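A.B. asks: fold the stuff below for me.
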Amino acid sequence: MSDTSPPRIVQWLGYGGLIPPAIMVAADYLLPPGPVRFGGLVVPYAGLIFAFLGGTWWAFASREKTPEPSLMALAVAPPLMAFLIFFTGSMAASLLLAALIAISPLVDKLLAAQVTLPPWWMHLRFRLSMGLAGLTALSTYPLLL
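C.D. replies: Numbering: from 1, shown residues only. Here you go, the predicted model:
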């Protein structure tokens, strides 16, 4: 295992988290249009994951003797933004959530400059963020049909 390769259980659980939105997006693209659109469930799921991410930032930042206030503030932003996006329910809000997830590794880079992260963290975070952001963006199109 290299420094950028997470422990196997972390990989399984991390990538496993992409399975529910992947199934929902695939269902909307592969099944005939009907009264139920599964893509509408991707946004709340992605919002929960985004909020969870804020919790990881909080945990890493709060391990320091004197936590950096800006990092702590960034850590509470994802659940607040996800909450607001979830209740707007618009396609634009869904795309905004996808964009926020896609740029979230930038916060991890800020965090890495302040605290010690596992050596594999950035590698995994980038891949998972791009996967979830892509699936969230893809989930909006079938909602138009």
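
A.B. asks: so which residues of the protein form helices?
C.D. replies: Listed in chain order, the helices of the chain (DSSP state H) span 8-16, 19-30, 42-62, 69-88, 91-103, 105-114, 121-138, 141-144.

A.B. asks: reformat the ones you listed into CSV and put mean pLDDT, mean neighbour count and distance to Val36 next to each item.
C.D. replies: (C-beta placed from N, C-alpha, C; glycine too.) Shown next, in CSV, are the helices of the chain (pLDDT from 0 to 100; neighbours: other C-beta atoms under 10 Å; distance: least, C-beta to C-beta, whole Å):
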stretch, mean pLDDT, mean neighbour count, distance to Val36
helix 8-16, 96, 12, 24
helix 19-30, 92, 16, 9
helix 42-62, 93, 19, 13
helix 69-88, 89, 16, 19
helix 91-103, 92, 19, 17
helix 105-114, 92, 16, 33
helix 121-138, 96, 19, 17
helix 141-144, 60, 14, 11
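
A.B. asks: distance between the ends of stretch 94-111?
C.D. replies: 26 Å (C-alpha to C-alpha, to the nearest Å).

A.B. asks: list of residues touching it?
C.D. replies: 42-43, 46-47, 49-50, 53, 57, 60-61, 70-71, 74, 78, 81-82, 85, 117, 121-122, 125-126, 129-130, 132-134, 136-137, 139-140, 143 (C-beta atoms under 8 Å, 6 or more residues apart in numbering).
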